[in-house]
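**Student:** based on what follows, work out the 3D shape:
(one chain, ligands or ions: 1)
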Amino acid sequence: MTSNLSPIDTAKFVAAKRAVEFVEDGMRVGLGTGSTAAWMVRCLGERVREEGLKVSGVPTSTRTAELARQVGIKVISLDDARWLDITIDGADEFDGDLNLIKGGGGALLQEKIVATASDLMIVITDPSKKVDTLGRFPLPVEVIPFGWQTTKALVEETLASLDVLGQQASLRMNGEAPFVTDEGNHIIDLHLQRIGNARQMSMVLNQIPGVVENGLFIDICDKVVIGHQDGRVEVEDINDGSHEEGTIEFADAENLFLDI
Ligand SMILES: O=C(CO)[C@H](O)[C@H](O)COP(=O)(O)O
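**Tutor:** Predicted coordinates for the structure are as follows:
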């Protein structure tokens, strides 16, 4: 099999293509955000257009909503759906218990709400994002703009009392201005290197006034689909401990990308 996609995009496509096989007719589907999730939206759109699959999608960002509409997926709000059958999203890191760091793309708040409202949460990824212990990727923390510098100082004080190696916190920027999320908030990235107790870290961060949510997803993800650049795909399920392997045809991936 050949494709003009880069090896990393091929791996993302392979994971996305396998993951959308879990979507069934009539399902309400949470649509993640990021470059891997974008492949999933394209692959799901292909099933909608070519198989007549009927799904309603709840996007986790304005970017994803726009792409979903472009590829023919019916878009509804979470309030319309109330509860979802499945969510498929990317991640910045995952560990052996399928706990995650998310929010590299700045959509962690909607992503966590949508994933938590889903019967099944699937993460799609390439193998490079697997870690023994979370924390190599900077942990995003969404904070309200009011008094963000005070909130940042409180976060730094809290880090000093926890089992972490690094304690540097930086405001995420978009050029010269602070990055603004879809909900009008800012993001503080925590450069920790290693999070010894992710569950505790998540709970403690969310107790700080001004913090809206953090990017640790604990006990939320059910399955991880890992795509490889040669077309191999692995599916791990944390609930039943299963591990399956297969292959995905990726020669047509580029067309899907260019068409939409
Ligand atoms: O959490 C996210 C966005 O908030 C993304 O899922 C995460 O950043 C992974 O992105 P990509 O697939 O582009 O590597």
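
**Student:** how about the residues of this structure by the ligand?
**Tutor:** Within reach of the ligand by Cβ under 6 Å from any ligand atom, the chain has these residues: 32-37, 89-92, 102-108, 111. C-beta coordinates here come from the backbone N, C-alpha and C atoms, glycine included.

**Student:** apply 8 Å and report the result again.
**Tutor:** By Cβ under 8 Å from any ligand atom, the part of the chain that sits against the ligand consists of 12, 32-38, 60-61, 89-92, 102-108, 111, 124-125, 129, 140, 215.

**Student:** list only buried entries from these.
**Tutor:** For the residues of the chain next to the ligand, a burial check counting by 16 or more other Cβ atoms under 10 Å picks out 12, 32-34, 36-38, 60-61, 89-92, 102-108, 111, 124-125, 129, 140, 215.

**Student:** now, which of these lie within helices?
**Tutor:** The helices, defined by DSSP state H, take in 12, 36-38, 108, 111 from those.

**Student:** need the max-distance pair from those residues.
**Tutor:** K12 and L108 (19.2 Å; Cβ to Cβ).

**Student:** ok, now which ones touch whichever residue of the stretch 151-260 of the chain sits closest to the ligand?
**Tutor:** The ligand sits closest to G215 of the stretch 151-260 of the chain, with a gap of 7.0 Å, by Cβ to the nearest ligand atom. Residues near G215 by Cβ atoms under 8 Å, 6 or more residues apart in numbering: 92, 100-103, 108, 139-141.

**Student:** per-residue pLDDT, the nearest residue to it once chain neighbours are set aside?
**Tutor:** Distances taken as Cβ to Cβ, 6 or more residues apart in numbering place G103 nearest to G215, at 3.4 Å, with adjacent residues excluded. Here, the pLDDT recorded for G103 equals 98.

**Student:** what's the spacing between G103 and L5?
**Tutor:** 26 Å (Cβ to Cβ, to the nearest Å).

**Student:** about what we covered before: can I get the contacts of G215 in TSV including distance to T150?
**Tutor:** What follows is the contacts of G215, written out as TSV (distance: Cβ to Cβ, whole Å):
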residue	distance to T150
D92	27
L100	28
I101	25
K102	25
G103	21
L108	21
L139	19
P140	19
V141	14
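
**Student:** which two of those have the greatest separation?
**Tutor:** Largest pairwise distance in these, by Cβ to Cβ, is 14.7 Å, between L100 and V141.

**Student:** which of these two has more residues huddled nearby?
**Tutor:** L100 (31 against 28; other Cβ atoms under 10 Å).

**Student:** what sits against that one?
**Tutor:** 91-94, 123, 134, 215-217, 220-221.

**Student:** what's the burial count for A169?
**Tutor:** 20.

**Student:** and stretch 231-246, which residues are buried?
**Tutor:** So stretch 231-246, judged by 16+ other Cβ under 10 Å, has buried residues 231, 233-236.

**Student:** what's the end-to-end length of that stretch?
**Tutor:** Stretch 231-246 stretches 8 Å from its first residue to its last (Cα to Cα, to the nearest Å).

**Student:** nearest to V48 among the contacts of G215?
**Tutor:** Nearest to V48 among the contacts of G215: K102, at 25.4 Å, using Cβ to Cβ.

**Student:** and the closest one, how far from T10?
**Tutor:** For K102 relative to T10 (Cβ to Cβ), the value is 22 Å.

**Student:** hmm, back to that, out of the contacts of L100, which are inside strands?
**Tutor:** Among those, the members found in strands (DSSP state E) are 93-94, 123, 216-217.

**Student:** can I get those in CSV including pLDDT?
**Tutor:** Formatted as CSV, those follow (pLDDT from 0 to 100):
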residue, pLDDT
E93, 98
F94, 98
V123, 98
L216, 98
F217, 98
